[in-house]
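**Q** just coords:
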């Protein structure tokens, strides 16, 4: 199973190739170094800022979106814990 970041790198590479752009061309349009774009496509996110990723995705007609991961919020956890605690009376 691939992670969301791995999927994003693959999508960037696929979309770039569909447009017929080289890494150098897309990198130049995004104001990045070609090696940075290559790192993004290889899922090497050690030193890539979110704004750089956003610029690349926008050029490819995509955008970053937040989705619910299905995990409980802190408020939900606190409420559940309060319900489980024995009530003193």
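**A** Thanks, I have it. Just so you know, these numbers come straight off a predicted model, no measurement behind them.
**Q** switch to C-alpha atoms for all contacts and neighbour counts from now on
**A** Will do.
**Q** Determine the longest helix present in this structure.
**A** helix 4-18 (DSSP state H).
**Q** and that helix, what does it pack onto?
**A** In terms of contacts (3 or more C-alpha pairs under 8 Å, 6 or more residues apart in numbering; DSSP states H and E), helix 4-18 is packed against helix 34-41.
**Q** that older thread, going by neighbour count, list what's buried in the next helix or strand after the longest helix of the chain.
**A** Downstream of helix 4-18, the first helix or strand assigned by DSSP states H and E is helix 23-30. Neighbour-count burial for helix 23-30 flags 23, 26-27, 30 (criterion: 16 or more other C-alpha atoms under 10 Å).
**Q** any idea how far helix 23-30 is from the chain center?
**A** 19 Å (C-alpha atoms, centre = their mean, to the nearest Å).
**Q** Which residues does that helix contact?
**A** 16, 33-34, 36-38, 52, 55-56, 59 (C-alpha atoms under 8 Å, 6 or more residues apart in numbering).
**Q** between those, which is closest to residue 83?
**A** When the contacts of helix 23-30 are compared for distance to residue 83 (C-alpha to C-alpha), residue 52 wins out at 44.4 Å.
**Q** Please identify the helix or strand for the closest one.
**A** Residue 52 belongs to helix 50-59, assigned by DSSP H and E.
**Q** next structured bit after that helix?
**A** By DSSP H and E, the next helix or strand past helix 50-59 is helix 74-84.
**Q** in that next one, what counts as buried?
**A** Under 16+ other C-alpha under 10 Å, helix 74-84 has no buried positions.
**Q** Now that helix: average pLDDT?
**A** The predicted model assigns helix 74-84 a mean pLDDT of 89.
**Q** That concludes my questions; thank you for your assistance.
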